[in-house]
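Q: Provided below are the primary sequence and the corresponding predicted coordinates.
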Amino acid sequence: MSQLEPDLKVPLGSLELKNPVIAASGTFGYGQEYAPLVDPNLLGGIVVKGLSLKPRPGNRPPRIVETPAGMLNAIGLANIGVEAFLKEKLPWLRTLDTAVMVNIYGHTLEEYGAVAAALKGAEGIAALEVNISCPNVDQGGMAFGTDPAVSAAVTEIVLRNTDKPVIVKLTPNVTDICAVARAVEHAGAHAVSLINTLTGMAIDIDTRRPRLGNISGGLSGPAIRPVALYLVYRVVRAVKIPVMGVGGIMDAGDALEFLIAGARAVQVGTASFVNPHATLDILEGIRKYCVEKGIVRIGDLIGTASA
Ligand SMILES: Cc1cc2nc3c(=O)[nH]c(=O)nc-3n(C[C@H](O)[C@H](O)[C@H](O)COP(=O)(O)O)c2cc1C
């Protein structure tokens with residue numbers, strides 16, 4: 001007997017994604033870099049590299065270290081800046097039939113507002129994803145996202161300066177991620193995504209120097225998956241807005257764990273460095289699972305984890 005194609009569409013606030021697989025920020029460039037290998041039109045969405053108001057060269061090298069089951073990166077949010085993005089990248093992105101989400105960040109509250117304002121009215125952007133994990137220069141370098149009140153203030157200033165849905169990307173480097181999630185929900189965020197990288201370091205025992213030019217970096221890859229899954233599971237139960245799961249998703253089984261935990265969609269990051277085709281392999285694996293299990297709509301699977 002032939003099986004019906006499962007309906008993989010997922011609602012994400014006012015957006016509807018054609019499926020729940022999204023390429024994560026910083027690991028998929030501005031989309032075009034992967035286009036010869038991965039047809040972006042098949043994905044639920046892509047999140048482009050984090051944009052700041054002005055172009056940034058990023059941190060001094062070395063900027064990447066391989067770790068057991070993962071990697072540390074200290075790219076330092078190198079990017080072309082919002083103006084060049086609008087001129088050089090958005091025209092191509094706009095031709096795609098996928099949800100293009102633009103990751104933004106600032107070092108001051110005003111900078112967050114200014115980046116959002118610069119993107120206001122631009123066609124072809126489905127949503128903003130706000131990275132609140134970067135250092136807040138006004139508060140001695142502590143990340144915005146470690147304080148619920150400051151996270152809410154970032155959300156508010158972005159919302160005041162945009163006409164797009166706002167997804168706030170949470171950092172796991174906090175005592176209580178649910179408090180931050182609730183604060184940004186209260187401030188009006190349309191969705192949250194989590195997790196960003198976990199802070200770590202590595203030392204070269206011959207030179208006795210940190211292996212990253214920046215000393216510390218962000219840990220990503222399968223090593224962080226259990227942490228990410230647990231935090232997603234908790235945040236799903238703490239807020240009413242949709243949650244996107246990110247962190248160490250390498251294959252369809254990993255992605256399905258996040259969906260069953262209650263994530264409305266998943267983002268795939270480091271896996272694309274190991275296997276550039278990972279996003280589409282994961283999508284195909286989810287589809288096959290639904291067919292095998294007789295799941296007609298992916299929505300029937302989301303959040304079905306029993307205690
Ligand atoms: C090289 C690299 C660059 C990244 N750049 C960004 C960024 O610009 N903005 C952001 O919010 N997250 C950034 N991230 C974090 C990822 O989007 C993702 O949250 C994290 O890596 C965990 O997922 P993963 O284990 O699937 O990679 C970056 C991650 C890596 C590895």
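A: Looks like it arrived, so ask away. Numbers count the residues shown, from 1 in each chain.
Q: OK, contacts around residue 246?
A: Applying Cβ atoms under 8 Å, 6 or more residues apart in numbering to residue 246 gives the contacts 24, 169, 193, 194, 195, 196, 228, 266, 267, 269. The C-beta positions use only the backbone N, C-alpha and C, and glycine is treated the same way.
Q: 10 Å instead, please
A: 22, 24-25, 27, 47, 169-170, 193-197, 220, 224-225, 228, 232, 258, 263, 265-269 (Cβ atoms under 10 Å, 6 or more residues apart in numbering).
Q: Quick one: list the elements packing against the helix or strand encompassing residue 284.
A: Here residue 284 sits within helix 278-293, counting by DSSP states H and E. Packing partners of helix 278-293 (3 or more Cβ pairs under 10 Å, 6 or more residues apart in numbering; DSSP states H and E): strand 21-23, helix 252-261, strand 265-268, helix 271-274.
Q: could those go into a markdown table alongside distance to residue 68 and mean neighbour count?
A: Below are the helices and strands packed on helix 278-293 laid out as a markdown table (distance: least, Cβ to Cβ, whole Å; neighbours: other Cβ atoms under 10 Å):
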| stretch | distance to residue 68 | mean neighbour count |
| --- | --- | --- |
| strand 21-23 | 25 | 28 |
| helix 252-261 | 17 | 21 |
| strand 265-268 | 20 | 28 |
| helix 271-274 | 14 | 18 |
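Q: Tell me who's in contact with the residue of the stretch 1-150 of the chain found nearest the ligand.
A: The ligand sits closest to residue 26 of the stretch 1-150 of the chain, with a gap of 1.9 Å, by Cβ to the nearest ligand atom. With contacts defined as Cβ under 10 Å, 6+ apart, residue 26 is in contact with 47-50, 73, 75, 77-79, 103, 131, 196-197, 218, 220, 269-270.
Q: Now, of those, which are buried?
A: Buried members of those, counted by 16 or more other Cβ atoms under 10 Å: 47-50, 73, 75, 77, 79, 103, 131, 196-197, 218, 220, 269-270.
Q: Max pairwise distance over those: which two?
A: Pairwise distances across those (Cβ to Cβ) peak at 18.6 Å, for the pair 79 and 270.
Q: Just read off the phi/psi values of the nearest residue to residue 264 once chain neighbours are set aside.
A: Using Cβ to Cβ, 6 or more residues apart in numbering and skipping the chain neighbours, the partner closest in space to residue 264 is residue 242 (4.2 Å). Per-residue torsions, residue 242: phi -60, psi 150 (degrees, to the nearest 10).
Q: Excluding covalently adjacent residues, which one is nearest to residue 290?
A: residue 6 (3.6 Å).
Q: Near the ligand, which residues of this protein are found?
A: 24-27, 49-50, 73, 75, 77, 103, 131, 169, 196-197, 220-221, 224, 246-249, 268-271 (Cβ under 6 Å from any ligand atom).
Q: taking these one by one, which sit in strands?
A: 49, 50, 73, 103, 131, 169, 220, 246, 268 (DSSP state E).
Q: Next, format those as JSON lines and append pLDDT and distance to residue 17.
A: Output for those, formatted as JSON lines (pLDDT from 0 to 100; distance: Cβ to Cβ, whole Å):
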{"residue": "49", "pLDDT": "94", "distance to residue 17": "20"}
{"residue": "50", "pLDDT": "95", "distance to residue 17": "21"}
{"residue": "73", "pLDDT": "95", "distance to residue 17": "26"}
{"residue": "103", "pLDDT": "97", "distance to residue 17": "16"}
{"residue": "131", "pLDDT": "97", "distance to residue 17": "20"}
{"residue": "169", "pLDDT": "97", "distance to residue 17": "16"}
{"residue": "220", "pLDDT": "97", "distance to residue 17": "22"}
{"residue": "246", "pLDDT": "98", "distance to residue 17": "15"}
{"residue": "268", "pLDDT": "98", "distance to residue 17": "14"}
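Q: nearest to residue 43, of those?
A: When these are compared against residue 43 (criterion: Cβ to Cβ), the nearest one is residue 268, at 9.1 Å.
Q: Give me the distance between the closest one and residue 107.
A: 28 Å (Cβ to Cβ, to the nearest Å).
Q: Also residue 210?
A: From residue 210 across to residue 107, the span is 23 Å (Cβ to Cβ).
Q: The chain: helices as residue ranges?
A: Here the chain has its helices, by DSSP state H, at 82-84, 90-93, 109-119, 148-160, 177-187, 225-238, 252-261, 271-274, 278-293.
Q: Now do the contacts for the residue nearest to residue 290.
A: Residue 6 touches 19, 286-291, 293-298, 300-301, counting by Cβ under 10 Å, 6+ apart.
Q: Kindly write the PyMOL command that selects the buried subset of those.
A: Here is the PyMOL selection string for the buried members of these, based on 16+ other Cβ under 10 Å:
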select buried, resi 19+286+287+289+290+295+298+301
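Q: Farthest-apart pair in the contacts of residue 6, please.
A: The span of the contacts of residue 6, defined through Cβ to Cβ, is set by 19 and 294 at 18.3 Å.
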